[in-house]
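>>> Structure, please.
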Amino acid sequence: MKTKRRIVTSLALVALAALVSLGIFRGTQRAHAQDQTPPPIGDRISFGMVGITQGQTARINVANVLTANDTNYPPGPTRVVLTFLNSDGQLFRNRDGNPIRRVAMLERGQATFLDLNFDEFPPGPTRIHLRAVVTALPPGPIDNALPPGPIVPTVEVINNANGRTVFALSGPPTIRQIPPPVND
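Below you'll find the model as predicted:
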């Protein structure tokens, strides 16, 4: 009887030791070093607060206005991120809880938009206050000596019943500091 108990106890200890060692060796994960160069930060264009109500849609429009032969910028698309923020500065989210945003790669001459329709939200306030934000990252390295960005944003509020624009706002110009000339 004692022999049987010792065997069972020994097997239990061996099994426990195997599980612990498996957990220790398998559970460890390697740490990866962080990249020391921060990602480039593009132009962030923020609009003032606007409000929409039932039957209206807010739309952010963005156009890459570079021409095909413009040599002031390197070739390639401009990455844009379009978002709406609420009055607390938080991203608007759809019914699924996902942020309402659009990320697009705009080649020269292309445009895109993002809509936020008041009628797609659950019943609640009679007016939604929002702020449109566009972040643009032009191709190539960020260089303050380049002319203002190639992205031209607008915000408009559209009447859903007839598709007419109620009002539109132009984006403020992007201001960049131009370094002083180098004296020889």
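>>> what's the weakest-modelled helix or strand in the protein?
Within the chain, confidence by mean pLDDT, DSSP states H and E is lowest for helix 2-27 among all helices and strands, at a mean of 62.
>>> Name all residues that make contact with the spatially closest residue to Ser170 that is not a sequence neighbour.
The shortest distance from Ser170 to any non-neighbouring residue, by C-beta to C-beta, 6 or more residues apart in numbering, is to Thr154 (5.6 Å). All C-beta atoms are positioned from the backbone trio N, CA, C, and that covers glycine. Thr154 is in contact with Ile60, Asn61, Ala168, Leu169, Ser170, Gly171, counting by C-beta atoms under 8 Å, 6 or more residues apart in numbering.
>>> Neighbour-wise, which one of the residues you listed leads?
In terms of neighbour count, Ile60 stands highest of the contacts of Thr154 at 26 neighbours, by other C-beta atoms under 10 Å.
>>> How confident was the prediction at that one?
Ile60 carries a pLDDT value of 95.
>>> same thing with the one 5 residues further on?
Reading off the confidence values, Val65 has pLDDT 86.
>>> going forward, begin numbering at 23 instead of 1
All right, first residue 23 from here; so that's Val87.
>>> Please name the residues that touch it.
By C-beta under 8 Å, 6+ apart, the contact list for Val87 reads Gly131, Pro172, Ile173, Val174.
>>> now it: how far from Ile173?
Distance of Val87 to Ile173, computed by C-beta to C-beta, to the nearest Å: 8 Å.
>>> Would you mind giving the contacts of Val87 as a markdown table with distance to Ile122, secondary structure and pLDDT added?
What follows is the contacts of Val87, written out as a markdown table (distance: C-beta to C-beta, whole Å; DSSP: H, G, I helix; E, B strand; the rest coil; pLDDT from 0 to 100):
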| residue | distance to Ile122 | secondary structure | pLDDT |
| --- | --- | --- | --- |
| Gly131 | 26 | coil | 89 |
| Pro172 | 25 | coil | 78 |
| Ile173 | 19 | strand | 84 |
| Val174 | 22 | strand | 87 |
